[in-house]
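**Student:** return atomic coordinates for the entry below.
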Amino acid sequence: MNLQYRNLSRRLVLPLPCLSNQHFRWPSLGAIQRRNIIVLGIETSCDDTSVALLDRQSSSSGPPKTSLIFHRTITSNNLPTRGIHPLISLSSHRTHLGPLIAKALTHLPHGSSRPDLVAATRGPGMRTSLAAGLDVAKGLAVAWGVPLIGVNHMLGHALTMRLVSALAGRGGLVGPKFPFWSLLVSGGHTLVVRSEGVMEHRVFCETVDLAVGDMLDKVARCVVPERMIPTAEEAKGKGVVYGKVLEEYALCKGYEAISYEGLDYDYHPPGTEAREMQERKFGKKYPAWSPLPVPFTNTGNKHNILAFSFSGIGSFVEKALKGNPDVGDEERRALGRQAMQCAFEHLAKRVVLAFREWEKRQPLDDTVSLAPPEKETLVLSGGVASNFFLRHVLKQYFGNEGLQVELVSPPPSFCTDNAAMIAWAGLEIWEGGVGVEHCGNDERGWATGLGCHPVRKWSLDSGDKVVEVPHGDPGEAKAMGMLGVDCLVRRGEWDSERRDTE
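**Tutor:** Alright, predicted model coming up:
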């Protein structure tokens, strides 16, 4: 027998609850509260198959220490379909998830026979992909007799900076502290969120059509010449990240880009004299498409609506090139850059509007902190957050608007979908917030019942608590917030269920 699978079989040979109760014992809650907690994280919400082992150690003689002892991600091949395909993604999950978990278990610390928690993405995402990971996680939780934590994928992105700070070991402190803001930007979601706690969030702004990442992918497929797209061999195991390809092509030098103008992206916020000069220059040089349409500009009162819309930008770029397929590289790069700039300024403006709307509500709203800090923290996270031009635009735009905010973002490797953020979010959910003080003990955190289903649409907003289940399918709720999904149980309830099986 292969050594890898021999070791795995040793770790999985545990009594199951279906056997006689006199032979089976669930681990006590106290055992899981010991100083060393290991979390197995599983992420399969879309086309990335990712597995991680996270170790959180507490010590009476020093600050807590967090380490990532295993982390691997494999992305399905999206080149033939020029984008994500549900069946190809599902096949990739089925092919790679088992071997990745087997490999992860060989990295368990000496003396540990199994993880203490199993955290898996429950939603939102593609149903079949979610089920591939969640079902495996449920089986492992039963086999090991440990809690299952069903994680909201966007919560994982929102808490990623707290994971990064924990891994950095800054004296055991985890930051940013609650409350903080997040701008979550990915291929499937675009949100402005204020988080008061691990399970307490208010969504101020979301997209009414495409997510910003989806729009950038569409622009990339139109603008970037085929010769610049990675080959099947180059994309093996990683897929083609079209948004990254667009950034590297339009800005010439990717993450170290200083723009073709040679002056720090040559970006100037709206309303500045330099910006007006730049727009006149582009208008003369590229009259066929400059300037690009700004979302909600011609919609009357909706000009300052708290919502995103990106479909118009993508459609405009597609039409601009459809009528002139022989456009050269210089103009293609300029068009790609302007499409990114238009989208990123749209993001920035909505963040400013959300902050100002929150400030207006503050005196009348007793559900949020009454004394805001002098400088708010904004976490930029999600796959699109790895775009360095976006980070630059946000900083410049906020400064021009006089918005006092500290913009922080994870390293690019933690921006994209990954199991490390799911493992960390699972630990935060179980603990009710890592490093957060609680009056009680058992009631501070949450777990997920073993009868849970994948949730294709799951809002991060704590206010969306109404659950409507059409056609008797628990995975198709129309209105689900963080606390609205079924099978969400308190830690104390999970321990009661455990005792009932003994």
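**Student:** from residue 461, how far off is the residue positioned nearest the centre of the chain?
**Tutor:** With distances taken as CA atoms, centre = their mean, residue 157 lies nearest the centre of the chain, 3.1 Å away. Going from residue 157 to residue 461 by CB to CB, to the nearest Å gives 15 Å. In short, each C-beta sits where N, CA and C put it, glycine included.
**Student:** returning to that earlier point: is the residue nearest to the centre of the chain in a helix, a strand, or coil?
**Tutor:** Of the three states, residue 157 takes helix under DSSP: H, G, I helix; E, B strand; the rest coil.
**Student:** pretty sure it sits against residue 380.
**Tutor:** No. The criterion here is CB atoms under 8 Å, and residue 157 misses it with residue 380 at 9.9 Å.
**Student:** need the residues touching each of those two.
**Tutor:** Residues touching both residue 157 and residue 380 by CB atoms under 8 Å, 6 or more residues apart in numbering: residue 182.
**Student:** which stretches in the stretch 351-500 of the chain count as helices?
**Tutor:** Listed in chain order, the helices of the stretch 351-500 of the chain (DSSP state H, counting those that start in this stretch) span 388-401, 412-415, 419-431, 491-500.
**Student:** next, the buried residues of the third one.
**Tutor:** Just to be clear, that refers to helix 419-431. Neighbour-count burial for helix 419-431, counted by 16 or more other CB atoms under 10 Å, picks out 419-431.
**Student:** give the rounded mean pLDDT of it.
**Tutor:** The pLDDT scores in helix 419-431 average 97.
**Student:** my guess is residue 178 meets residue 433, correct?
**Tutor:** Yes. Residue 178 lies in contact with residue 433 (CB under 8 Å); the separation is 7.0 Å.
**Student:** which residues do the two both contact?
**Tutor:** Residues touching both residue 178 and residue 433 by CB under 8 Å, 6+ apart: 197, 198.
**Student:** so for these two, which residue has more residues nearby?
**Tutor:** The residue with more neighbours, out of residue 178 and residue 433, is residue 433; 22 against 16, by other CB atoms under 10 Å.
**Student:** which residues does the more buried one contact?
**Tutor:** Residue 433 neighbours (CB under 8 Å, 6+ apart): 178, 197, 198, 444.
**Student:** what does it show for phi and psi?
**Tutor:** Main-chain dihedrals, residue 433, degrees, to the nearest 10: phi 110, psi 110.
**Student:** tell me the spacing between it and residue 122.
**Tutor:** Distance, residue 433 to residue 122, using CB to CB: 19 Å.
**Student:** next, residue 39: secondary structure please.
**Tutor:** Judged by three-state DSSP, the three-state class of residue 39 is strand.
**Student:** before we move on, what about residue 66?
**Tutor:** strand.
**Student:** show me what contacts it?
**Tutor:** By CB under 8 Å, 6+ apart, residue 66 lies in contact with 54, 55, 56, 57, 163, 166, 167, 169.
**Student:** over to residue 38?
**Tutor:** Contacts for residue 38 (CB under 8 Å, 6+ apart) come out as 53, 54, 55, 56, 69, 108, 109, 112, 115, 116, 117.
**Student:** name the residues of the helix or strand harbouring the fourth one that are buried.
**Tutor:** Assigned by DSSP states H and E, residue 56 falls within strand 48-59. Buried positions in strand 48-59, judged by neighbour count with 16+ other CB under 10 Å: 48, 49, 50, 51, 52, 53, 54, 55, 56, 57.
**Student:** what does stretch 99-113 give?
**Tutor:** 99, 100, 101, 102, 104, 105, 108, 112.
**Student:** please compute how far that stretch lies from its chain's middle.
**Tutor:** Taking CA atoms, centre = their mean, to the nearest Å, one finds stretch 99-113 lying 25 Å from the centre of the chain it belongs to.
**Student:** next: stretch 267-279.
**Tutor:** Centroid displacement of stretch 267-279 relative to its chain, using CA atoms, centre = their mean, is 32 Å.
**Student:** one step back: go through the buried residues of helix 419-431 and name the one nearest residue 269.
**Tutor:** Nearest to residue 269 among the buried residues of helix 419-431, counting by CB to CB, is residue 421 at 31.2 Å.
**Student:** my guess is the closest one meets residue 154, correct?
**Tutor:** No. Between residue 421 and residue 154 no contact is recorded; they are 10.3 Å apart, counting by CB under 8 Å.
**Student:** please, where are all the strands along the protein?
**Tutor:** Assigned by DSSP state E, the chain shows strands spanning 36-43, 48-59, 62-75, 117-123, 148-152, 180-185, 190-197, 200-206, 376-381, 405-408, 446-448, 488-490.
**Student:** send the alpha carbons of stretch 416-431 over as PDB?
**Tutor:** C-alpha atoms of stretch 416-431 as PDB (Å, rounded to 0.1, in the frame of the first residue of the first chain):
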ATOM      1  CA  THR A 416      -7.700  34.700  -4.100                       C
ATOM      2  CA  ASP A 417      -9.900  31.900  -2.900                       C
ATOM      3  CA  ASN A 418      -8.000  29.700  -0.400                       C
ATOM      4  CA  ALA A 419      -8.600  27.300   2.400                       C
ATOM      5  CA  ALA A 420      -6.400  29.100   4.900                       C
ATOM      6  CA  MET A 421      -9.000  31.900   5.200                       C
ATOM      7  CA  ILE A 422     -11.700  29.300   5.600                       C
ATOM      8  CA  ALA A 423      -9.800  27.500   8.300                       C
ATOM      9  CA  TRP A 424      -9.300  30.800  10.100                       C
ATOM     10  CA  ALA A 425     -12.900  31.900   9.700                       C
ATOM     11  CA  GLY A 426     -14.000  28.500  11.100                       C
ATOM     12  CA  LEU A 427     -11.800  29.100  14.100                       C
ATOM     13  CA  GLU A 428     -13.200  32.600  14.600                       C
ATOM     14  CA  ILE A 429     -16.800  31.300  14.300                       C
ATOM     15  CA  TRP A 430     -16.100  28.500  16.900                       C
ATOM     16  CA  GLU A 431     -14.400  31.000  19.200                       C
END
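**Student:** returning to that earlier point: in TSV, list the buried residues of helix 419-431 along with distance to residue 190.
**Tutor:** Listed next are the buried residues of helix 419-431 as TSV, based on distance: CB to CB, whole Å:
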residue	distance to residue 190
419	23
420	22
421	18
422	20
423	25
424	22
425	19
426	24
427	26
428	23
429	24
430	28
431	29
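**Student:** widest-spaced pair of those?
**Tutor:** Maximum pairwise distance among the buried residues of helix 419-431 (CB to CB): 18.3 Å, between 419 and 431.
**Student:** who's residue 59 bridged to?
**Tutor:** Beta bridges link residue 59 to residue 62, judged by DSSP bridges.
**Student:** shaky segments in the stretch 401-502 of the chain?
**Tutor:** Scanning the stretch 401-502 of the chain for pLDDT under 70 picks out 437-443, 464-479, 495-502.
**Student:** hang on, isn't residue 74 packed against residue 91?
**Tutor:** No. Counting by CB under 8 Å, residue 74 does not reach residue 91; the two are 11.9 Å apart.
**Student:** what stretches of the stretch 151-300 of the chain score poorly on pLDDT?
**Tutor:** Where the stretch 151-300 of the chain drops to pLDDT under 70, the residues are 170-172, 232, 235, 237, 253-264, 299-300.
**Student:** go with 50
**Tutor:** Low-confidence segments of the stretch 151-300 of the chain (pLDDT under 50): 254-263.
**Student:** what is the neighbour count of the closest residue in space to residue 181 that isn't next to it in sequence?
**Tutor:** With sequence-adjacent residues excluded and distances taken as CB to CB, 6 or more residues apart in numbering, residue 181 is closest to residue 378, at 4.6 Å. Residue 378 has 23 neighbours, counted by other CB under 10 Å.
**Student:** got it, and residue 179?
**Tutor:** 18.
**Student:** and if you look at residue 83?
**Tutor:** 16.
**Student:** kindly report the same for the one 10 residues further on.
**Tutor:** Each residue near residue 93 was counted by other CB under 10 Å, and the total is 27.
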